[in-house]
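give me the fold of what follows.
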Amino acid sequence: MRKFRETPRSFWSEDDIRCYLKSLLQKSRLFRSGRVSNVFLSFPARNTYHRAKDGAISPSATGEYVPFSIAGWSSSISSTSNHLTQPLTFAIELKYFSVMPEDWLIRIRNNLFKLSDEANQVPLKGRFFLLLTAQQISLLRRELNALLAQFPSVKCYQQLAQ
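The predicted structure follows:
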């Protein structure tokens, strides 16, 4: 968050932020298992979702898998032979808006909904959401706070570029 605040121009997109965050997590001993890392980009959620016309997602048995931005497990959890069946320790969703789009509430809601969906089996202590913006959102603060209050199990962090 500090690096984004101090030099937001070094992050051109959400992918840049995800890759940087993954590299930080990989440096940590907690998320390493031998030579193999336990931190993945675009890790598929366990549940499937249908996307409505307005962009909001909802659980659906015939829907598509929607990936988490970053997910993984600590090395203390034994790994199964199939990464997709491995129990997760954490999942991170993030949104970076250089300019707030019209559907910003739906995009944020989708990330929070996916993290808190019990079918995805993300532990309560491992649900994280990062909101990074390059413009003031003080006018939208009430709507944002109301949305965040609907998902109390997700730890949310916000940072405004200076």
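
need the strands for the protein, in chain order.
Ranges of strands within the chain are 32-33, 36-37, 39-51, 57-59, 64-72, 90-97, 127-133, 155-160, based on DSSP state E.

which stretches of the protein have low pLDDT?
1-12, 29-36, 75-85, 135-137, 139, 160-162 (pLDDT under 70).

run the last query once more with 90
1-42, 72-89, 96-101, 130-145, 156-162 (pLDDT under 90).

which ones are touching the most centrally placed residue in it?
Computing the C-alpha centroid of the chain and ranking residues by C-alpha atoms, centre = their mean puts residue 93 first, at 0.7 Å. Taking C-beta atoms under 8 Å, 6 or more residues apart in numbering as the contact definition, residue 93 lies against 68-69, 111-112, 114-115, 128-130. To be clear about C-beta, it is placed using only N, CA and C from the backbone, and glycine gets the same treatment.

Throw those residues into TSV and include distance to residue 102 and neighbour count, thanks.
Formatted as TSV, the contacts of residue 93 follow (distance: C-beta to C-beta, whole Å; neighbours: other C-beta atoms under 10 Å):
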residue	distance to residue 102	neighbour count
68	24	25
69	22	24
111	17	24
112	18	21
114	21	25
115	23	25
128	26	20
129	20	23
130	21	23
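
which single one of those residues is nearest to residue 25?
residue 128 (11.1 Å; C-beta to C-beta).

ok so, going back, partner residues bridging the residue nearest to the centre of the chain?
Counting by DSSP bridges, residue 93 is bridged to residue 129.

what's the farthest-apart pair in the contacts of residue 93?
Every pair of the contacts of residue 93 checked by C-beta to C-beta; the farthest is 114 and 130, at 14.0 Å.

run a quick neighbour tally on the nearest residue to residue 60 once chain neighbours are set aside.
With sequence-adjacent residues excluded and distances taken as C-beta to C-beta, 6 or more residues apart in numbering, residue 60 is closest to residue 50, at 3.6 Å. Number of residues near residue 50 (other C-beta atoms under 10 Å) recorded here: 13.
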